[in-house]
Structure formats: C-alpha cells, structure tokens
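S.K.: Give the three-dimensional model of this entry:
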Amino acid sequence: MKREFKPGNRYKILIIGPLPPPNGGISTVVYNLLHYGISEDFDIYHLDSSSKRSPVKTGTLDFSNVLAFFFQLLSLVFKIIKHRPQIIQIESACYLGFLKNTLFILISKLTFRRIIISIHGSGIRFINFFLNLPPPVRMYVRLILSGCDAIRILSGKWTSMFASVIKLEKDNVLVIPNGINEELFKRKSISRNSFDDEFRLLFLGGIDRKKGIYDLIKVIESLQKKGQRLKLIIVGDERESGTKKDIERIIKKRELDPYVEIVGKVDYKETPSFYHSADAYILPSYSEGLPMVILEAMAAGLPVISTKIGAIPEIIDEGINGFLVDPGDIKGMVSKIEILKKNKGLREIIGRNNITKVMALYSLSQQAKAFKNLYLQLLGNTIRKQHPL
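M.R.: Presented below is the predicted three-dimensional model:
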C-alpha cells in the first residue's frame, strides 16, 4: 500500500524519552522537542521513559525498575492503538538504557511504524559498549538498529564509525545536533549580573568522577595557592553515591570552604540565573557527547573551558569560543582560568562569539527544522503496508 505525504496533513509523532526531574542532557532535549517548534506542524505525543528514581540509581536493575519498564511497554502499546502515530522517535543513551529501548523499537517495528532512534552521548562510548557485548547480543543490537529508519547521532565524525563497525547503512545514520533555547539563557548584558570583582567560575552538571569534579577541586586549590581571588559554584545532582559528601570532606580538609559553594540540585528553570552570575563555565569531563550545558553556557555568553572529548572540539574553537585541555590536565585548566580571569575584554569577545554561534548552529529553531525535514523525508517515502493499529 503506497502512501504519500501531503503538505497540510497533521501527521503524528510519538517521542519516547525521559523528562525532568532529574535534569540531564537527554531529558532537556526531550523537553525542548515537546515544547518548541515541531508541534506547529505535527501532532506530538510523549511516553516518559524515566523511572523517576534518584540519579545515583540510574542504570541499576531492580524489581521496581523492571516493573516501571513493564508498564512503559504497556503504555507504548496503548498509545499506538489510541493515537496511531506514523513515526516513533526514541531518545536513548547506551548501556542498560539502550538495551531497554530496543524493546520499544521491537514493538514499534511489529506495529509497522517508522522508527527514529537518537543515540546521545559519545559515539566512541557507544561503539565500545557495542564491541564489549557478547556476540549474540551484539548480533541482536545490529538487527535492531538495522531495522530503524533513521539513526540520529550528535557528531559527524562518528557517522562512518557507526556504519562500518556496527555495519549499518550509512544513509540511515544522520547528524542532528542538540538545540538550545537561546531565549531562556540570553541575558541583557554580556557582563554578569553581580558587581563584585571576585571571578566566579561555574560548574553545572552531574556530580561524579567522570565529570572531572575531583580535578576541579584540585584546580581551585592550585589557584588559591597562587593567591588568585575566585569562587567556584557547583550546581547539579549527585550521580555517584557518596561523591557529594566526599567532595565536601575534601573541601573542608583543604580549607577551601570560602572558595567553593555546592548548591546541589536546582530546577531547570533556575539554571539561567547561575549562568548569568558567572564569569566563565568549566566542564573538565572524561566522557561526553555534545553536552547541553556547554550550549547553555554559550547561549548565556560565557567563555567555556572544557576537555578534548566527544563532540566538544566541534563546538569550541580554541581562543574563539573558549579553551580546551586534555582530561585530567590540572595545570592546563589553571592556565586557561588565569587567562580569562585577568582579561575581561577577552571574556566579553568570547561571550559574543558564543551567542552568535549558538544562534546560527545550535538554536531550537535549527533543531526543529532538521527534525521536520527528517519527518517529511520518512513520510514522503513509500511506507510498508500498514498494520490495522
């Protein structure tokens, strides 16, 4: 049965993915997809794939998690029967979360829907995850991904890797960067809201080792030993049990209390005020894809200091949008902070560069346009014979 897309028709898209709380890159992307741009042309429905558990329990398997997932599968079947979406879009990470999402893909496939899967995080991390699976599971994952109509990744440098290592059709792997709500994060002035001369450095993200939080404490200690006047603001959920208390213990032991403030978890709508009251943003992470927090910081006009991992080097041009160092390079981070601290003019130039770049390449309107084009492409092709659902 051939079905052609007709402009003006209201086609239906079901998006599967988590919503805040807790805050996170994928949940922010899903929130933006549901609220900005796409619903003007399509009827958008949502299935929340989050179990709403503490972030420290994310990725663990227990009875409550299995039960919640069982009801999510039932909810998917119900939504397919009720809304009859033409496209089902799944926003996924890797590891256990991805394996869980393969069952959403199977149900979608059995009901003859078009399927898009977005794989967030580092492409290298997903490839390593794939290669470390037992051979039968690896074959299962390859079959699942081969059955998807589009596989969305965040960086162009991973396209060939996904196609060659997982043996996928290269035409089915496409890049759509995350988009940022620039209106939410922009500020009236490129200078920060507070008027003291203390340099304020912001870390906003999950509090765990892989985000480089322990390195950041070493950086602050090094700067204080050199007599630098500054303050680090840490905002985010604890993602690794016991990390927050351990960091607080280290701060107290090294007498860094006046120089480090741990705010902890905040509502997503409160985050712009933290960007607006900072002079620079730092993310000394060891593993990332295309971090939403870096795009948020850029939209707020902040220079960024981060690491040469994932898609970050595609966002940050050295000296133009901020600075990059190798993961764990304490001296490198100290040096970059000192450069920004003593040069307000440079901070303002970089801030303006970042606002311009986000508007041009990473705005919600750009993301919405890319997804609309993908939906139209899938709907415009010949669709397999439709299931009665």
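S.K.: which outside residues touch the host helix or strand of Ile124?
M.R.: Under the assignment given by DSSP states H and E, the secondary-structure element containing Ile124 is helix 123-131. Applying Cβ atoms under 8 Å, 6 or more residues apart in numbering, the contact partners of helix 123-131 are 94-95, 98, 119, 138, 141, 153-155, 157-158, 161-162, 165-166, 287, 289, 310. C-betas here are computed from N, CA, C, even on glycine.
S.K.: again, only using 7 Å
M.R.: Contacts to helix 123-131, defined as Cβ atoms under 7 Å, 6 or more residues apart in numbering, come from residues 94-95, 119, 138, 141, 153, 155, 158, 161-162, 165-166, 287.
S.K.: now stretch 298-305
M.R.: For stretch 298-305, contacts defined as Cβ under 7 Å, 6+ apart pick out 180, 182, 185-187, 190, 272, 275-276, 278, 280-282, 294, 297, 316, 321-323, 333, 336-337, 340, 347, 350-352, 354-355, 357-358.
S.K.: Tell me, how many residues neighbour the residue lying closest to Asn181 once chain neighbours are set aside?
M.R.: The spatial neighbour of Asn181 that comes closest, neighbours along the chain excluded (Cβ to Cβ, 6 or more residues apart in numbering), is Leu364 at 5.4 Å. Counted by other Cβ atoms under 10 Å, the residues lying close to Leu364 total 20.
S.K.: Give me the distance between Leu364 and Phe203.
M.R.: Noted for Leu364: a distance of 24 Å to Phe203, by Cβ to Cβ, to the nearest Å.
S.K.: rewinding a little: and the next element down the chain from the helix holding Ile124?
M.R.: Proceeding C-terminally, helix 123-131 gives way to helix 135-146 as the next helix or strand, assigned by DSSP H and E.
S.K.: Show me which parts of that next one are buried, residue by residue.
M.R.: 141-142, 144-145 (16 or more other Cβ atoms under 10 Å).
S.K.: do the same with stretch 172-192
M.R.: Taking 16+ other Cβ under 10 Å as the basis for neighbour counts, the residues of stretch 172-192 that come out buried are 172-182, 184-187, 192.
S.K.: in its sheet, what does the helix or strand harbouring Lys231 sit against?
M.R.: According to DSSP H and E, Lys231 maps onto strand 230-235. The strands that strand 230-235 pairs with in its sheet are strand 199-204 (parallel), strand 260-264 (parallel) (by DSSP bridges).
S.K.: which residues are in contact with that strand?
M.R.: Outside of strand 230-235, the residues that reach it under the criterion Cβ under 7 Å, 6+ apart are 198-204, 207, 216, 220, 223, 259-263, 266, 274, 278, 341.
S.K.: repeat that with 8 Å
M.R.: Contacts made with strand 230-235 from outside it, assessed by Cβ under 8 Å, 6+ apart, are listed as 198-205, 207, 213, 216, 220, 223, 247, 258-264, 266, 271, 274, 277-278, 337, 341.
S.K.: Show me what the helix or strand just after it is packed against.
M.R.: Per DSSP H and E, the first helix or strand lying C-terminal to strand 230-235 is helix 243-253. Counting contacts by 3 or more Cβ pairs under 8 Å, 6 or more residues apart in numbering; DSSP states H and E, the secondary-structure elements packed against helix 243-253 are helix 213-225, strand 260-264.
S.K.: How about the contacts made by the closest residue to Ala370 other than its chain neighbours?
M.R.: When the adjacent residues along the chain are set aside, Ala370 lies closest to Ile176, with 4.5 Å between them (Cβ to Cβ, 6+ apart). Contact analysis of Ile176 by Cβ under 8 Å, 6+ apart lists 118, 152, 154, 367, 370-371, 374.
S.K.: which one of these is nearest Leu110?
M.R.: Proximity to Leu110 was ranked across these by Cβ to Cβ; first place goes to Ser118, at 20.8 Å.
S.K.: Count the neighbours of the closest one for me.
M.R.: Counted with other Cβ under 10 Å, residues neighbouring Ser118 total 23.
S.K.: For it, which non-adjacent residue is spatially closest?
M.R.: Once its chain neighbours are removed from consideration, Ser118 has its nearest residue in Arg152; the separation is 4.2 Å (Cβ to Cβ, 6+ apart).
S.K.: For the strand or helix carrying that neighbour, which helices and strands make contact with it?
M.R.: Assignment of secondary structure by DSSP H and E places Arg152 within strand 150-153. Counting contacts by 3+ Cβ pairs under 8 Å, 6+ apart, the secondary-structure elements packed against strand 150-153 are strand 114-119, helix 159-165, strand 173-175, helix 364-380.
S.K.: most neighbours per residue, which of these?
M.R.: Each of the helices and strands packed on strand 150-153 was assessed for mean neighbour count using mean count of other Cβ atoms under 10 Å. The highest is strand 114-119, with a mean of 24.
S.K.: could you say what helices and strands that strand packs with?
M.R.: strand 87-92, helix 96-110, strand 150-153, helix 364-380.
S.K.: List the contacts of the last one.
M.R.: Under the criterion Cβ under 8 Å, 6+ apart, residues 4-5, 11, 13, 32-33, 36-38, 41-42, 86-87, 114, 116, 149-150, 152, 174, 176-182, 360 lie in contact with helix 364-380.
S.K.: residues of the lengthiest helix in the chain that come out buried?
M.R.: Scanning the chain for the helix with the most residues, using DSSP state H, yields helix 63-83. Buried residues in helix 63-83, counting neighbours by 16+ other Cβ under 10 Å, are found at 65, 69, 72, 76, 79-80.
S.K.: For Glu198, give me phi and psi.
M.R.: Here the main-chain torsion angles of Glu198 (degrees, to the nearest 10) amount to phi -80, psi 130.
S.K.: Can you give me the neighbour number for it?
M.R.: Other residues lying near Glu198 total 10 when counted by other Cβ under 10 Å.
S.K.: Wait, it touches Arg229, no?
M.R.: Yes: with contacts defined as Cβ atoms under 8 Å, Glu198 counts as touching Arg229 at a distance of 5.8 Å.
S.K.: and stretch 283-300, how far from the chain's centre?
M.R.: When C-alpha coordinates are averaged (Cα atoms, centre = their mean, to the nearest Å), stretch 283-300 and its chain have centres 8 Å apart.
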